[in-house]
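>>> coords please:
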Amino acid sequence: MKKILLVEDDRQLSDLIKDFLVSEGFHVKQEFRGDTVSKTVENFSPDLIILDVMLPGKDGFTVCRDLRPSFGNPILMLTAKSTDFDQVLGLEIGADDYVAKPVEPRVLLARVNALLRRGQLPKGGNEKTEITCGGLHINRNSRQVTLAGESIDLTSQEFDLLWLLATRAGEVQNRDYIYKAVVGREYDGMDRSVDVRISRLRKKLHDSNETPFRIKTIWGQGYLFVPDAWN
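The predicted model follows:
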């Protein structure tokens, strides 16, 4: 049974979400303040966190930022419906996905299941568990990445995105395929989550967002992992 930590200060909404997820077979623990989350994560060890943005004690953005260095499992944020800024900021500080309020239970469930399937990406026609390109080394089993001997901390979906691109090095991957494989849903033409993760990957892997040479943007097509650019 997968464990979910639900952090939402609206107790009525929290109870509704909890009851729905429990009915779908999850073990759910509730928190109602941001400043208690770290201790609960330590004791509960959730497989996934659902995290509201507006919380007493500590806001969701700060909670997410504080958790990321030590918590490698998915974080799904609940954001204001019309606030694109909240969605992008959440992704930039390490959230894996977001759901807009008011929460649609089936949408939430689909996002949760997609995040929990993060270790089940297609393998690109081979059974590789490790990839080395020059100084870049990716280990799928341990989900660890090093570049020139330096350990690179990635969120779960950042790792999945890098693995997907690296297993198809030298081939342009279009957004539709990336969204289905990594995000777990169809690309709607508006969602910026993959673009944000590409930007974060470039920063962490010492690439350039202005003139990228390791993970290139192929305009109108998608993204290209350059295998010879990691020396």
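>>> Look up how far A100 lies from the closest residue to N231 other than its chain neighbours.
Counting by Cβ to Cβ, 6 or more residues apart in numbering, N231 lies nearest to G134, which is 3.9 Å off, once chain neighbours are set aside. Backbone N, C-alpha and C define where each C-beta goes, glycine included. Remark: distance between G134 and A100 (Cβ to Cβ, to the nearest Å) = 41 Å.
>>> show me where this structure has strands.
3-7, 27-31, 48-52, 75-79, 97-100, 130-133, 136-139, 144-147, 150-152, 172-174, 215-218, 222-225 (DSSP state E).
>>> any idea of the pLDDT on the residue nearest the centre of the chain?
Centroid check for the chain by Cα atoms, centre = their mean gives D96 as the closest residue, at 2.4 Å. For D96, the pLDDT comes out at 84.
>>> that older thread, kindly reformat the strands of the chain as TSV containing distance to L115.
TSV is the format used below for those (distance: least, Cβ to Cβ, whole Å):
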stretch	distance to L115
strand 3-7	10
strand 27-31	15
strand 48-52	6
strand 75-79	6
strand 97-100	6
strand 130-133	23
strand 136-139	20
strand 144-147	19
strand 150-152	21
strand 172-174	20
strand 215-218	22
strand 222-225	21
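>>> which stretch among those strands comes nearest N113?
strand 48-52 (9.9 Å; Cβ to Cβ).
>>> which secondary structure elements does that closest one contact?
Counting contacts by 3 or more Cβ pairs under 8 Å, 6 or more residues apart in numbering; DSSP states H and E, strand 48-52 packs against strand 3-7, helix 37-44, helix 60-67, strand 75-79, helix 105-116.
>>> quick check: angle from the last one to strand 75-79?
Using axes from the mean of the first three to the mean of the last three Cα atoms, to 10 degrees, one finds that helix 105-116 and strand 75-79 are set 150 degrees apart in direction.
>>> what's in contact with helix 105-116?
Contacts with helix 105-116, where a contact means Cβ atoms under 8 Å, 6 or more residues apart in numbering, come from 2, 4, 16-17, 20-21, 24, 26, 47-48, 50, 74, 76, 96-97, 99, 156-157, 183-185.
>>> make it 7 Å
Helix 105-116 is contacted from outside by 2, 17, 20, 24, 47-48, 74, 76, 96-97, 99, 183-185, using Cβ atoms under 7 Å, 6 or more residues apart in numbering.
>>> Which strand residues bridge K29?
L5 (DSSP bridges).
>>> And it, how far from V107?
22 Å.
>>> what's the residue nearest to G60 when sequence neighbours are not counted in contact with, if anything?
Leaving out its chain neighbours, the residue that sits closest to G60 by Cβ to Cβ, 6+ apart is V53, at 4.1 Å. Taking Cβ under 7 Å, 6+ apart as the contact definition, V53 lies against 59-61, 77-79, 86.
>>> Show the buried residues in these.
Buried members of these, scored by 16 or more other Cβ atoms under 10 Å, are 59-61, 77-79, 86.
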